[in-house]
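>>> Pasting the sequence and the predicted model now:
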Amino acid sequence: MTEMNNLREIPMLPLRGVLVFPYTVIHLDVGRKKSINAIEEAMLEDKEIFLATQKEAQTDEPDEGDIFDVGTVAEVRQILKMPGGTMRVLVEGLYRAEIKGYISHDPYIKVAVQEYREDENQKGSEQEALMRTLVSQFEQYVRISKKIPPETVVSVVSIEEAGRLADVIASHLTLKINEKQKILEARDVAERLNYLCELLAKEMEVLELERKINIRVRKQMEKTQKEYYLREQMKAIQKELGDKDERAAEVEELKRSIDKANLPKDAREKAFKELERLEKMPPMVAEAVVVRNYLDWMLSLPWSVETRDRLDLKVAETILNEDHYGLEKPKERILEYLAIRKLAKKMKGPILCLVGPPG
């Protein structure tokens, strides 16, 4: 790669979220006043403009530190004025260049840039191997991603210059700005080819994972749709035969039970929510059994049933002796509790914990 000693003073167009490589043709939408002024100045001179990407796309008024130093000198091919004062510009990237100094910031940004052109004569067996590997990976990428037209591969295969090949392929890849900038800043062609091979390998690995995930999701969706279709067919057949759908009958019975249970507001809302879940579940799903048991448990609780306390210690002692043989200490503890409840009627009753075998 040969470094040219001359500096050029040229208008600059800061780009937001976009990076332009040499040898690529792209449309750019321009709306900032300084950017429009830069394009108009370029059209008055030799139609060339320096394209450099901002480090942060959100910056409206970029300063010197907000713009990458390495960019692309491009030729303005076409200008189309849009409604609202914006402009659509067709540019073609020509070659890399690096900012060596800022000349002015108003009415447009003007910079002094150093041009860098590649030495096309430096081409060894290693570089040839890298080019073949890169083309092969790009063909696989196009085949897997299906986001790039197949005819693009034909045009890429015909490129013989290593630097041009790398730039054209990089312009077609969906990469982060920092990754593209790294490719743009790579002056050594072999380094650029190597880095692109690594990026393509990672991208294809991600695409392969995406493909497997999509296949798995599609199969699951097809299975769910098939089950739904079969259930609907079964319902239609049962309706024609006059048979009652068991799940519908079960849900209807549970609705009536919830209405009769006189549940508190929160419990009633929860019960109907779980019933709605149960209605949507296939009968053979394990979770359906859990939900059904939960609803049965809720309905079995005495939400609105109250009983009068019987605090007669002699009657309690008689019942305990009749129902339980031995167990003197537990029975004594229960009688003590009842005695306290009889004396302190407003006491909040504690939970009795009886340790030992049941009975």
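The structure has been received and is ready for your questions. Numbering: from 1, shown residues only.
>>> and the next element down the chain from the helix or strand that residue 102 is a member of?
Secondary structure from DSSP states H and E places residue 102 in strand 87-104. As assigned by DSSP H and E, the chain's next helix or strand after strand 87-104 is strand 110-117.
>>> Remind me what that following strand packs against, helices and strands.
Contacts defined by 3 or more Cβ pairs under 8 Å, 6 or more residues apart in numbering; DSSP states H and E place strand 110-117 against strand 2-15, strand 70-81, strand 87-104. C-beta coordinates here come from the backbone N, C-alpha and C atoms, glycine included.
>>> May I see these organised as CSV, with distance to residue 21, mean neighbour count and mean pLDDT added?
Shown next, in CSV, are the helices and strands packed on strand 110-117 (distance: least, Cβ to Cβ, whole Å; neighbours: other Cβ atoms under 10 Å; pLDDT from 0 to 100):
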stretch, distance to residue 21, mean neighbour count, mean pLDDT
strand 2-15, 12, 16, 76
strand 70-81, 6, 18, 92
strand 87-104, 5, 17, 92
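>>> Minimum distance to residue 209: which of the ones you listed has it?
With Cβ to Cβ as the measure, strand 2-15 is the member of these nearest residue 209 (31.1 Å).
>>> Report the distance from stretch 54-67 to the chain centre.
Remark: stretch 54-67 is offset 27 Å from the chain centroid, using Cα atoms, centre = their mean, to the nearest Å.
>>> what helix or strand is residue 29 on?
Using DSSP H and E, residue 29 maps to strand 25-30.
>>> Could you do residue 148 as well?
Residue 148 belongs to no helix or strand, assigned by DSSP H and E.
>>> mind checking how far the residue of the chain most remote from its centre is from residue 42?
Distance to the chain centre peaks in the chain at residue 314, reaching 70.8 Å (criterion: Cα atoms, centre = their mean). Using Cβ to Cβ, to the nearest Å, residue 314 is found at 109 Å from residue 42.
>>> How about residue 273?
Relative to residue 42, residue 273 is positioned 65 Å away (Cβ to Cβ).
>>> neighbour-wise, which of these two wins?
residue 42 (24 against 10; other Cβ atoms under 10 Å).
>>> Can you classify the closest residue to the more buried one other than its chain neighbours as helix, strand or coil?
Counting by Cβ to Cβ, 6 or more residues apart in numbering, residue 42 lies nearest to residue 49, which is 4.2 Å off, once chain neighbours are set aside. At residue 49 the chain is in strand, as set by DSSP: H, G, I helix; E, B strand; the rest coil.
>>> confidence score at residue 49?
We have a pLDDT of 94 for residue 49.
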